[in-house]
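Undergrad: sequence first, then the predicted structure:
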Amino acid sequence: MTSTEEDACADNNCVLFGDDALAVPNKAAWKYTDNENNAEDKTNVGLDKNTAQNQDTIVIAHGNIGYSSSVSPSSDNDVIRDRTVKGNDQTSGKVAKVSNAYEFPPLTRIDPGTVGQRVDVELEDGRFFTRITRAVGPPIFEIPKFLSDEECDHIIESAKNNGLNVSNLFGAEIQDELNSDIPLAEISRVSEQTWLQRSHLGEDFLNRLHKRLARLTELDIGTIRRSEHVQVVSYVPGGHYHAHLDSIDRYDRPCCFQERCDDKALTPQWADCCRLCRYITVLYYLNDAEEGGETAFPLADASDATLAEKFENLEEQEWYNLSYYCYNSSLVVKPVRGTAIMWYNHLKDEQTGYLGKADQRSQHGGCDLIKGSKWIANNWISSPSSEDRFKPSHFYTES
Ligand SMILES: O=C(O)CCC(=O)C(=O)O
Ligand SMILES: [Fe+2]
């Protein structure tokens, strides 16, 4: 082995394999799990140099030198996602998964300029859309005609076909509250919702939407694809969603949206133990609400002093109760079919370039619908913190 190869291994980009140094990009990100989902301490996992080109046979080197085993996929279905391969570990005989996760690139953030600023952006080749700044802290943009009438109808129809359920809030039994004599205005969320995956919306539809979103957010297409599925929400008169954050800092949770929690006992309320890490919300209005149903941002562009005041004696102020205080909000957006609004739920961590703290000024919600119906869809763009940037996304599973 040459000293160059030794140097290459020293910077963590290769695996010593006998006398050979195998080039392994992002070696730290390789992970080996057996069929019982135990992560094993086989840190030297890499591509077989003979098959490195097509990346479908994985070599597991047990220690720096010595023996190896390989995991080869038995069918195309065993190449799962994010360069994960499932197959038989020829040494242990176990079914194993070996993955070198996708690496999320650092975040971009669009400069909002000043309130009212209009910028024409080419979101499809030759097709320009207007991006209007509605707030700067956090940046909140409105994009009229982001979806065509046909696209809005397609999303509504897909949601109806899939069936909607009473929207829940983690930790709150909304259905019990709806069955009780608590006034509707005191219930934080009154709506129905469903999740639409690739199979519901269709491959072509989603690919086109993802490309438009990548251009709108100026994030790479991989980040968009690895984000959450589309959530459709429907309100009838009296329906609303009091002000909330779409994503919160929960540093007791060990990871961002990307991995599932294996220990359900520790997380009785949640299917996942990761926090949500929704960097951006893109909300689409799928129809015109006849009356009411605005989206309100009570703290948009609030000064530091106002922000501090708003959280003093919260129970007395109740600004978050949009059934009562919708029109006290600093920004109120009227639902217009096809319009998208987009905002940042988190700051960007300037040191790492990845997800920073949740931004309280992104508090928002849906005001009471007075007349007609209101259909919206949420497209949450998930992004990891710097430590989580190599982890595969558990939303990127469906082919
Ligand atoms: O209905 C709206 O306008 C807001 C909905 C919302 O904030 C949500 O679904 O998270
Ligand atoms: Fe929300």
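TA: Sure, I can see it. Ligands and ions are numbered 1, 2, ... in the order given.

Undergrad: list the contacts of the closest residue in space to L283 that isn't next to it in sequence.
TA: In this structure, L283 finds its nearest non-sequential neighbour in I341, 5.1 Å apart by C-beta to C-beta, 6 or more residues apart in numbering. Every residue, glycine included, has its C-beta placed from N, CA and C. Residues in contact with I341 (C-beta atoms under 8 Å, 6 or more residues apart in numbering) are R134, I140, F141, E142, I143, V282, L283, T295, V333.

Undergrad: what sits against the second one?
TA: If you count contacts by C-beta under 8 Å, 6+ apart, I140 has them with P112, T133, R134, F297, A300, L331, I341, M342, W343.

Undergrad: list the ones among those that fall in strands.
TA: Secondary structure defined by DSSP state E assigns T133, R134, F297, L331, I341, M342, W343 of the contacts of I140 to strands.

Undergrad: and the residues you listed, which is closest to Y396?
TA: M342 (21.3 Å; C-beta to C-beta).

Undergrad: so which of the contacts of I341 also contact ligand 1?
TA: Filtering these for proximity to ligand 1 by C-beta under 6 Å from any ligand atom leaves T295.

Undergrad: could you flag which of the contacts of I341 are buried?
TA: Neighbour counting over those (16 or more other C-beta atoms under 10 Å) leaves R134, I140, F141, E142, I143, V282, L283, T295, V333 as the buried ones.

Undergrad: check which helix or strand covers the second one.
TA: Pointing back at I140 there. strand 139-143 (DSSP states H and E).

Undergrad: helix or strand next in line after that strand, which one?
TA: helix 149-162.

Undergrad: next SSE downstream of that following helix?
TA: strand 165-166.

Undergrad: quick one: contacts for the nearest residue in space to S393 that is not next to it in sequence?
TA: Counting by C-beta to C-beta, 6+ apart, S393 lies nearest to R226, which is 3.6 Å off, once chain neighbours are set aside. Residues in contact with R226 (C-beta under 8 Å, 6+ apart) are Y102, F104, Q258, S382, P392, S393, F395, Y396.

Undergrad: narrow those residues to those in helices?
TA: Per DSSP state H, helices hold no members of the contacts of R226.

Undergrad: between these, which is nearest ligand 1?
TA: Closest approach to ligand 1 among these (C-beta to the nearest ligand atom): S382, at 14.3 Å.

Undergrad: just to revisit the earlier point, CSV please, covering the contacts of I341 and showing pLDDT and distance to Q117.
TA: Putting these into CSV (pLDDT from 0 to 100; distance: C-beta to C-beta, whole Å) gives the following:
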residue, pLDDT, distance to Q117
R134, 98, 10
I140, 98, 12
F141, 98, 9
E142, 98, 11
I143, 98, 13
V282, 98, 19
L283, 98, 20
T295, 98, 20
V333, 98, 16
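
Undergrad: ok, so of the contacts of I341, who is nearest ligand 1?
TA: For these, the nearest to ligand 1 is T295 (3.4 Å; C-beta to the nearest ligand atom).

Undergrad: correct me, but the closest one touches V333?
TA: Yes: contact criterion C-beta atoms under 8 Å: T295 and V333 qualify, at 4.6 Å.

Undergrad: around ligand 1, which positions in this protein sit nearby?
TA: Going by C-beta under 6 Å from any ligand atom, the residues of the chain near ligand 1 are V233, Y241, D246, T295, H364, G365, G366, I376, N378.

Undergrad: kindly recompute the last result at 8 Å.
TA: 167, 191, 193, 231, 233, 235, 240-241, 244, 246, 281, 283, 293-296, 333, 335, 364-367, 374, 376, 378 (C-beta under 8 Å from any ligand atom).

Undergrad: which SS state does W195 fall under?
TA: Three-state assignment for W195 (DSSP: H, G, I helix; E, B strand; the rest coil): strand.

Undergrad: look up phi and psi at Y327.
TA: As for Y327, its main-chain torsions (degrees, to the nearest 10) stand at phi -80, psi 0.

Undergrad: so who does it touch?
TA: Per C-beta under 8 Å, 6+ apart, neighbours of Y327: A296, C367.

Undergrad: against Q175, how distant is it?
TA: Y327 sits 29 Å away from Q175, going by C-beta to C-beta, to the nearest Å.

Undergrad: again, but for S227
TA: Counting by C-beta to C-beta, the gap from S227 to Q175 is 28 Å.

Undergrad: okay, those two: which has more neighbours?
TA: S227 (26 against 12; other C-beta atoms under 10 Å).

Undergrad: for that one, which residues are in contact?
TA: With contact set as C-beta under 8 Å, 6+ apart, S227 has these partners: N379, W380, I381, S382, S393, F395.

Undergrad: tell me the domain ranges of the protein?
TA: According to automatic domain parsing, the chain comprises the domains 3-100, 118-388.

Undergrad: rank the ones you listed by mean pLDDT and give me the bottom one.
TA: Comparing mean pLDDT across the domains of the chain, the weakest is domain 3-100, with a mean of 53.

Undergrad: could you give the bridge partners of the residue nearest to S385 when sequence neighbours are not counted?
TA: With sequence-adjacent residues excluded and distances taken as C-beta to C-beta, 6+ apart, S385 is closest to L355, at 4.7 Å. When assigned by DSSP bridges, L355 has beta-bridge partners K348.

Undergrad: picking up where we left off before, can you lay out the ones in strands among the contacts of I140 as TSV showing distance to N207?
TA: Below are the ones in strands among the contacts of I140 laid out as TSV (distance: C-beta to C-beta, whole Å):
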residue	distance to N207
T133	28
R134	29
F297	31
L331	32
I341	23
M342	20
W343	24
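
Undergrad: out of these, who's nearest ligand 1?
TA: Nearest member of these to ligand 1, counting by C-beta to the nearest ligand atom, is I341, at 8.5 Å.

Undergrad: which element, helix or strand, includes the closest residue to R212 other than its chain neighbours?
TA: Nearest residue to R212, sequence neighbours excluded (C-beta to C-beta, 6+ apart): L123, at 4.8 Å. According to DSSP H and E, L123 maps onto strand 118-124.
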